[in-house]
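> take this sequence and fold it.
(chains A and B)
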There are 2 protein chains.
Amino acid sequence: MPEAASAPSPSRALIGDSEFDRDTAVTRRGPGAYDTDLSAGWTILGAVNGGYLLAVLGRALADTLPHPDPFSVTAHYLTASRPGPAVVRTETVRTGRTLSTGQASLFQYDDEGNEVERIRVLASYGDLATLPDDVRTTATPPAMPPLEQCFGPEDGPSPVEGGSAIAGRLMLKLDPATLGWALGTPSGNGEMRAWFGLADGRDADPLSLLLAVDALPPTAFELGLKGWVPTVELTVHVRHRPAPGPLRVSITTRNLAGGFLEEDAEVWDSADRLVAQSRQLARVRLG
Amino acid sequence: MPEAASAPSPSRALIGDSEFDRDTAVTRRGPGAYDTDLSAGWTILGAVNGGYLLAVLGRALADTLPHPDPFSVTAHYLTASRPGPAVVRTETVRTGRTLSTGQASLFQYDDEGNEVERIRVLASYGDLATLPDDVRTTATPPAMPPLEQCFGPEDGPSPVEGGSAIAGRLMLKLDPATLGWALGTPSGNGEMRAWFGLADGRDADPLSLLLAVDALPPTAFELGLKGWVPTVELTVHVRHRPAPGPLRVSITTRNLAGGFLEEDAEVWDSADRLVAQSRQLARVRLG
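Numbers count the residues shown, from 1 in each chain, chains lettered A, B, ... in the order given. Alright, predicted model coming up:
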């Protein structure tokens, strides 16, 4: 099994008391209505990260629904979110014994104070703790160098002009085989792999997995494409509570065509469990 | 390129005038409300096929939204549909220049005539005809024997007791390598592959791709599991209008664990284009 990044330090943040928890917190103002403040800390080039946004919506739905854990979550990103106040409105679609389904929308405010919908989510929740421990997964963890042989933004000059605040919130160490883009020599393979954690040391949990699947640089960079690759839709399956320690995230694109691409992400925990799988549809600018 | 199944016959159904079109037809009764009648012809062991249901909802959304083609469609299956009357209620979430987003629910009626929600869908639509023809797909079509060396339900005794009406609506020829389950010797690999078409000869179109991704036997059968594998959620990306002729559908499961599995489907057309990709989360009974 891969080694943990480091021995726990006394100041290591805990699940429930960390940057991620504070910045994804929602305050219930009434049935199905939650106020939140989108942090500027999870942006790249000023754009609020889609996985962070999904975690905010996911937290509100976890409060609304009788089941605690996202099992399958789909988000359609409608308009660009920006740091600042927002409201999440949730709806219970159906409650069952082992699964519940809900819907959620995140709104921000225009200059007149009207609500503008940023994201709509449809999700089914369950309780990961009640799942049988029968594992017949045939997928295997990605072949990656150990964490110590991988590289993050802090290890070299930033290849992304203008920087990204989110880099300060994450422990992100990319597989050198997927770092060519940062050196001007993209591999041409639609792949991106990294060791992933939170900078303050907080362990992963089902909600932070919603962030993890969308927190790596775009595979488009390794395909030699530059510029923004906005997510149209993102669907995440959370399959198991992640073990403590760093995650391995492996993303693959196989169908870049017609101005769109898909990114398939797998998230593996320190116990070699495939804890989350996602696919997103994103737009690219060709040429 | 693979051969077409047969020379077109004079009675070959056309897109717009076929069993599939008649059985997925919706009648607009007012803004955002469409009546439909779920056919008994697309059932397996009495259960209405999820892809057929998705196509019904997809047709209603195509009427509601300003863009004609599903690009990304997610359905959560809430309660079991049955043949008979239903209503689809749609909502426009956002309209843009190249993409629109909508939501749709299918309801049926309980004994008192109250509406019971069966399925909820969140989807983004666009116009496939306007996409640039730049193709950098690195995925390759599945390795499968020619259609003539593949087998369908009509080629042997039905392995599924009770039969399935849907078999009469489809041209389905399974790769022998994924047919072990029908002979009592499942391979143990989570794979299912088939040549796919509609029995009346109608060519595929973006809406029938929503059916194609969910119309094969479950990979669970090849994993040695028996019994019902109900879909919790299904997300389909439609990436290109399919060329005429039979499709190749290849489905893979790699993460059977905790009582759930994912099924990833790829649909390839006769021009070797990857025209659709999907992933569903389904429940299994272990043991």
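
> show me where the stretch 101-250 of chain A has its strands.
For the stretch 101-250 of chain A, applying DSSP state E, counting those that start in this stretch gives strands covering A:115-126, A:170-174, A:191-198, A:231-238, A:247-252.

> near chain B, anything from the longest one?
Yes - contact of strand A:115-126 with chain B is found when judged by Cβ under 8 Å from any Cβ of the partner chain, involving A:117, A:120, A:121, A:122, A:123, A:124. Using the backbone N, CA and C atoms, a C-beta is placed for each residue, glycine as well.

> for stretch A:126-146, buried residues please.
Going by neighbour count (16 or more other Cβ atoms under 10 Å in any protein chain shown), the buried part of stretch A:126-146 is A:126, A:128, A:131, A:136, A:137, A:139, A:142, A:144.

> span of that stretch from start to end?
34 Å (Cα to Cα, to the nearest Å).

> how close does the residue nearest to residue A:129 when sequence neighbours are not counted get to residue A:271?
Leaving aside its chain neighbours, residue A:129 sits nearest to residue A:241 (7.1 Å; criterion: Cβ to Cβ, 6 or more residues apart in numbering or on different chains). Per Cβ to Cβ, to the nearest Å, residue A:241 is found 10 Å from residue A:271.

> and what of residue A:127?
Separation of residue A:127 from residue A:271 (Cβ to Cβ): 19 Å.

> next: residue A:56.
27 Å.

> quick one: which of the two has more around it?
Taking neighbours as other Cβ atoms under 10 Å in any protein chain shown, residue A:56 and residue A:271 compare with residue A:56 leading, 30 against 13.

> which bits of the stretch 1-150 of chain A sit near chain B?
A:71-72, A:74, A:76, A:78-79, A:93-94, A:99, A:101, A:103, A:117, A:120-124, A:128, A:131-139.

> got a list of what the nearest residue to residue A:154 once chain neighbours are set aside touches?
Spatial nearest neighbour of residue A:154, chain neighbours left out: residue A:167 (7.8 Å); criterion: Cβ to Cβ, 6+ apart. The neighbours of residue A:167, taking Cβ atoms under 8 Å, 6 or more residues apart in numbering or on different chains as the test, are A:44, A:152, A:153, A:154, A:158.

> which of those tops the neighbour count?
residue A:153 (20 neighbours).

> so that residue touches residue A:172, yeah?
Yes - contact criterion Cβ atoms under 8 Å: residue A:153 and residue A:172 qualify, at 7.0 Å.

> end to end, how far does stretch A:97-114 reach?
38 Å.

> what does stretch A:185-194 rub up against?
A:142, A:144, A:150, A:172-175, A:177-178, A:180-181, A:216-224, A:248-254, A:256, A:261, B:138.

> now the residues you listed: which count as buried?
Among the contacts of stretch A:185-194, those classed as buried by 16+ other Cβ under 10 Å are A:142, A:144, A:150, A:172-175, A:177-178, A:180-181, A:216-223, A:248-254, A:256, A:261.

> out of these, name the ones that lie in helices.
A:219, A:220, A:221, A:222 (DSSP state H).

> pLDDT and distance to residue B:25 added to the residues you listed, as TSV?
Converted to TSV, these look like this (pLDDT from 0 to 100; distance: Cβ to Cβ, whole Å):
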residue	pLDDT	distance to residue B:25
A:219	97	40
A:220	96	40
A:221	95	45
A:222	96	45
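
> as TSV, those with distance to chain B would be great.
Formatted as TSV, those follow (distance: Cβ to the nearest Cβ, whole Å):
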residue	distance to chain B
A:219	11
A:220	11
A:221	14
A:222	12
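
> stretch A:189-205: how far from the chain's middle?
Its chain's average C-alpha position is 9 Å from that of stretch A:189-205, according to Cα atoms, centre = their mean, to the nearest Å.

> unless I'm mixing things up, residue A:134 is touching residue B:260, no?
No - here residue A:134 does not reach residue B:260: they are 10.3 Å apart, not a contact under Cβ under 8 Å.

> so residue A:17 versus chain B, what's the distance?
28 Å (Cβ to the nearest Cβ, to the nearest Å).

> quick check: bridge partners of that residue?
Counting by DSSP bridges, residue A:17 is bridged to residue A:14.

> pretty sure residue A:123 contacts residue A:100?
No - under the criterion of Cβ under 8 Å, residue A:123 lies out of contact with residue A:100, with a separation of 9.1 Å.

> more neighbours: which of the two?
Neighbours per residue, other Cβ under 10 Å: of residue A:123 and residue A:100, the larger number sits with residue A:123, 30 against 23.

> surely residue A:278 is in a strand?
Yes - assessed with DSSP: H, G, I helix; E, B strand; the rest coil, residue A:278 lies in a strand.

> any low-confidence regions in the stretch 151-287 of chain A?
Where the stretch 151-287 of chain A drops to pLDDT under 70, the residues are A:157-163, A:286-287.

> near chain B, which residues of it show up?
Within the stretch 151-287 of chain A, the residues that sit near chain B (Cβ under 8 Å from any Cβ) are A:189-190, A:223, A:232-233, A:235, A:237, A:239-240, A:253-260, A:262, A:273-274, A:277, A:279, A:281, A:286.

> again, only using 7 Å
Taking Cβ under 7 Å from any Cβ of the partner chain as the test, the list of the stretch 151-287 of chain A residues beside chain B reads A:190, A:232-233, A:235, A:237, A:239-240, A:254-260, A:262, A:274, A:277, A:279, A:281, A:286.

> which of the residues of strand A:115-126 next to chain B lies closest to chain B?
residue A:122 (4.4 Å; Cβ to the nearest Cβ).

> tell me the bridge partners for the residue lying closest to the closest one once chain neighbours are set aside.
Setting aside the residues directly before and after it, residue A:122 is nearest to residue B:122 in space (Cβ to Cβ, 6+ apart), at 4.4 Å. Beta-bridge pairing of residue B:122 under DSSP bridges involves residue B:74, residue B:103.
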